[in-house]
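In: Below are the sequence and a predicted model for it; my questions follow.
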Amino acid sequence: STSGAELLAGLIGDPAGRRELLRKDALVFKGRDIEGRQCEISKSSALIRRMFDLHIDAAIDHRLEVPLPFYKHTPPDYLLSERLGCRLRLEEVALADQLRDAALDCGLSSLQAHYFGWQAGGKHQQRAVKNDGSEGEPETTHLQL
């Protein structure tokens, strides 16, 4: 939903909010999923956290700043196509700085548009509800970002 995208964009835009979102990762999350079912940390996740000092531990312990997500960006092709009103495909690499230098506002100024604005065929491509469960463990439902 638009309100959900606004909420998540606000969290992504704030370092403390990104840390809060990271606490929802399956490696550390205990609580209720989006369907109200109780979630526990899987045995494999607990084992790997006992064996290694992971990025998630460093971030939660404030030893590491949680960066902006690097995946699920709205593709520049889509943003340019929307802006220009015609389908455009970038066949070569185009960096955000190059696009900004070309004075094209590609939606990168809005975190909500950047992470949650991509639509194709009437569906939001960056918003997905997934069911997950390891063998022998209860299934959980989560929002995949």
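Out: Nice, I can see it.

In: What residues sit buried inside the longest helix seen in the chain?
Out: Counting residues, the longest helix found in the chain (DSSP state H) is helix 2-12. The neighbour-count check on helix 2-12 (16 or more other Cβ atoms under 10 Å) flags Ala5, Leu8, Ala9, Ile12 as buried. Any C-beta I mention is one placed from the backbone N, CA and C, and that applies to glycine too.

In: The second one contacts Phe116, doesn't it?
Out: Yes: when contacts are counted by Cβ atoms under 8 Å, Leu8 is listed as touching Phe116 (6.7 Å).

In: mind listing the strands for the chain?
Out: Applying DSSP state E to the chain gives strands spanning 31-32, 38-39, 119-120, 123-124, 128-132, 140-144.

In: Could I get the average pLDDT for the third one?
Out: Average pLDDT, strand 119-120: 73.

In: With the fifth one instead?
Out: Throughout strand 128-132, pLDDT has a mean value of 69.

In: for the first one, same thing?
Out: Model confidence over strand 31-32, given as mean pLDDT, is 88.

In: Which neighbouring elements make contact with it?
Out: Applying 3 or more Cβ pairs under 8 Å, 6 or more residues apart in numbering; DSSP states H and E, one finds that strand 31-32 contacts strand 38-39.
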